[in-house]
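# Compute the structure for the input listed below.
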Amino acid sequence: MNCFKIKLKNMEAFKQELTDKIQLLKKKGVVLTTPRLIILEFLVSNRIHPTAEEIFNALKKKYPSISQASIYNTIKLFVKLGIVSELFVEKERARYDINTTPHAHFKCLKCGKVYDVKKPLPQMEEIEGHQVALTQIYFYGTCNECLKKAKRRE
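Alright, predicted model coming up:
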């Protein structure tokens, strides 16, 4: 079913993660429709923290029958089940991350890309008597690529 370009060295990791996510969906009783599998595969193979609109635009080229409603409904289901994290790194729209392990994000204010921050987050279940359900940390600035481009122009 692989319809996306994946580097060969990452193919085994891709297959394993896709299999793990499919097993988790089955365990939670989710019917594995073709649109759901296509969207899941896209998210596993494209670590770009896409918006629902970006997912739709990428998939409609190869799958013209896929609808925006399918994208939104599937993403909403994946978030509800904990398969995908919903990011609010931008005010006007949500982005989605297949990596649900706790981690921070960095958004480049020049190119708009969102990156995972590799440094581990402190795991806190309680803060000052409050129960923590979710932690989202966002950093904003200029990414390596944009900094390199700026230096070349100088």
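# Residue 53 and residue 29: what is the separation?
29 Å (Cβ to Cβ, to the nearest Å). Quick note: C-beta positions are derived from backbone N, CA and C, even for glycine.
# who's more crowded, the two?
residue 53 (12 against 7; other Cβ atoms under 10 Å).
# Bridge partners for the residue nearest the centre of the chain, pull those for me.
Closest to where the C-alpha atoms of the chain average out (Cα atoms, centre = their mean) is residue 97, at 2.0 Å. With DSSP bridges as the criterion, residue 97 is bridged to residue 85.
# Surely it touches residue 83?
No - assessed by Cβ atoms under 8 Å, residue 97 is found out of contact with residue 83, at 10.6 Å.
# what's in contact with stretch 81-90?
21, 24-25, 28, 30, 40, 43, 49, 75, 78-79, 94-100, 105, 107, 114, 136, 138 (Cβ atoms under 8 Å, 6 or more residues apart in numbering).
# try it again with 6 Å
For stretch 81-90, the external contacting residues (Cβ atoms under 6 Å, 6 or more residues apart in numbering) are 21, 28, 78-79, 94-98, 100, 105, 107, 114, 138.
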